[in-house]
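[1] I would like the atomic coordinates for the input below:
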Amino acid sequence: MITDTQIIFSQTSVQKVQPPTPLEKEMAKALLAITTKEGREQPSFVKVTFQFSKAHKAFERMKTVFQGLDIDDDGSLSLIEIIQAVTELGGDATAAELKELFETADADGSGALDFKEFVVFLCVCSLLGKMDKSCNLTVAFMCAVDAFSVFDIKKTGTIVFSELNEALEGRGSQDIMVARMKEMDADGDGSVIFPEFLIAFMGWVGVDDDEDDYEDE
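    Numbering: from 1, shown residues only. Okay, here's the model as predicted:
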């Protein structure tokens with residue numbers, strides 16, 4: 001039986017979905033530059049999964065950085081702490097740009113970034129050329145970009161259900177595809193931008209927030 005949710009996802013048109021903000025359009029453009037670069041081999045989903053362990057280790061290394069920047073030890077970073085972090089990590093974004101990037105990464109609107117949101121922030125900064133390439137995110141970042149490109153079949157900088165369904169055809173039931181889409185589509189608007197995808201991707205490779213660690217201390 002086809003559910004209403006499945007019908008909605010299935011009817012979503014890739015051609016009609018456009019990044020709604022200037023920043024999201026800029027991210028889409030940057031992703032396109034990477035994924036359509038001459039000589040780049042488009043990875044398969046299976047090939048990307050082989051890189052999950054490397055991505056996991058790279059993300060885990062970022063936890064040490066995150067904890068070092070979390071001055072008040074509350075498991076999150078404020079905008080002030082983030083601005084200081086970018087300065088220390090060699091970033092060159094303006095205060096206004098950092099605020100916009102901070103708000104984009106702050107998926108739950110809490111006014112502070114937890115670990116996963118912090119990684120999203122750094123990855124988006126790197127994607128937009130606002131972060132020194134030596135910040136040790138390269139492996140995890142490129143694996144995430146490769147994974148995103150597997151699903152972004154039309155190369156619009158967003159993923160819609162029809163693309164997910166096509167990319168994972170034969171790898172699960174329609175209900176599973178809908179569940180995967182819901183997992184990625186945090187705001188429920190029918191399309192997935194890179195920051196949303198990155199949060200889901202970290203879960204796929206086995207990265208969790210350190211909330212339990214903070215509670216145990």
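[2] for the protein, which helix is longest?
    Longest helix in the chain, counting residues (DSSP state H): helix 52-69.
[3] Quick check: E183 touching F201?
    No: E183 lies out of contact with F201 (C-beta atoms under 8 Å); the separation is 10.2 Å. To be clear about C-beta, it is placed using only N, CA and C from the backbone, and glycine gets the same treatment.
[4] more crowded one of these two?
    F201 (26 against 15; other C-beta atoms under 10 Å).
[5] Excluding sequence neighbours, find me the nearest residue to that one.
    A144 (5.1 Å; C-beta to C-beta, 6 or more residues apart in numbering).
[6] For this protein, just list every one of the helices.
    Listed in chain order, the helices of the chain (DSSP H) span 4-11, 22-35, 45-49, 52-69, 79-88, 95-105, 115-127, 138-151, 161-167, 174-184, 194-204, 211-216.
[7] what does the average pLDDT come to for the fifth one?
    It stands for helix 79-88. In this model, helix 79-88 carries a mean pLDDT of 81.
[8] so how far is it from its chain's centroid?
    20 Å (C-alpha atoms, centre = their mean, to the nearest Å).
[9] Show the contacting residues for H56.
    By C-beta atoms under 8 Å, 6 or more residues apart in numbering, the contact set of H56 is V205, G206, V207.
[10] Equivalent analysis for E100, please.
    L23.
[11] Could you measure from it over to F66?
    In this view, E100 and F66 are 21 Å apart by C-beta to C-beta, to the nearest Å.
[12] same question, I193
    23 Å.
[13] ok, now E169?
    For E169, the distance to F66 equals 37 Å [C-beta to C-beta].
[14] Neighbour count for the two, which is higher?
    Shown here are E169 and F66; by other C-beta under 10 Å, F66 has more neighbours (21 against 9).
[15] unless I'm mixing things up, the more buried one is touching S76, no?
    No: if you go by C-beta under 8 Å, F66 and S76 don't touch, sitting 9.4 Å apart.
[16] Compute the first-to-last residue distance for stretch 185-202.
    14 Å (C-alpha to C-alpha, to the nearest Å).
[17] distance between that stretch and the chain's centre?
    7 Å.
[18] buried residues in that stretch?
    185-186, 190-202 (16 or more other C-beta atoms under 10 Å).
[19] Repeat that for stretch 169-177.
    Within stretch 169-177, the residues that count as buried by 16+ other C-beta under 10 Å are M177.
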